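**Q** sharing a model prediction with you, sequence too.
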Amino acid sequence: MFNNNLKWCRENLELTQKELGFIFGISGKTISGWETASDPIPFNKLIKFCNLSGYSLDFVLGLSKKKKKYNIPIETDKEKIGRKLKELRKELNLSQMKFAKKCGLSQTTYSHYETGLNLISTTAAYAISKKYHISLDDLVGRVESN
């Protein structure tokens, strides 16, 4: 999977794994799995965590070392994220098949993300961000506040 800053952010919020688990309606053991990257955090839960902590998706997932904070919450809008994926793919002048293959995804899976049928997985979003050097905050349409 990947290294992440979930534990650092949770501790910065002065929450235990159990307390954060309570907020998410899951066990502290699940939080532990996310922090050690032995279990992928679902993208909607990642967005909720970023909204709670204020930190960027890129920082929380370890894609950036910059501890950028936001005051504006992110919405889990799979159609909007799908449109952004499509824009990126078209900017790169790639077919869905080529784009998906370069990111280690099946075309069907990627197509479901792009059309907004399914919310992108954290693993797929991470792979796309790494491959094409894009910010996940940009992908979800998060705008930096002043």
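**A** That came through, no problem.

**Q** and the pLDDT for Met1?
**A** Met1 is assigned 50 on the pLDDT scale.

**Q** ok, now Val143?
**A** 57.

**Q** again, but for Asn12
**A** pLDDT, Asn12: 93.

**Q** go on, Tyr126?
**A** 93.

**Q** counting neighbours, what do you get for it?
**A** 23 (other Cβ atoms under 10 Å). Every residue, glycine included, has its C-beta placed from N, CA and C.

**Q** what does Leu136 give?
**A** 27.

**Q** may I have the phi/psi pair for Lys69?
**A** phi -110, psi 150 (degrees, to the nearest 10).

**Q** OK, contacts around it?
**A** Taking Cβ atoms under 8 Å, 6 or more residues apart in numbering, we find Lys69 in contact with 54-56.

**Q** from those residues, which is closest to Lys84?
**A** Ser56 (15.9 Å; Cβ to Cβ).

**Q** hang on, that closest one packs against Tyr70?
**A** Yes - the pair Ser56 and Tyr70 qualifies as a contact (Cβ atoms under 8 Å) at a distance of 6.4 Å.

**Q** any stretches of this structure with poor pLDDT?
**A** Applying pLDDT under 70 to the chain flags the ranges 1-2, 142-146.
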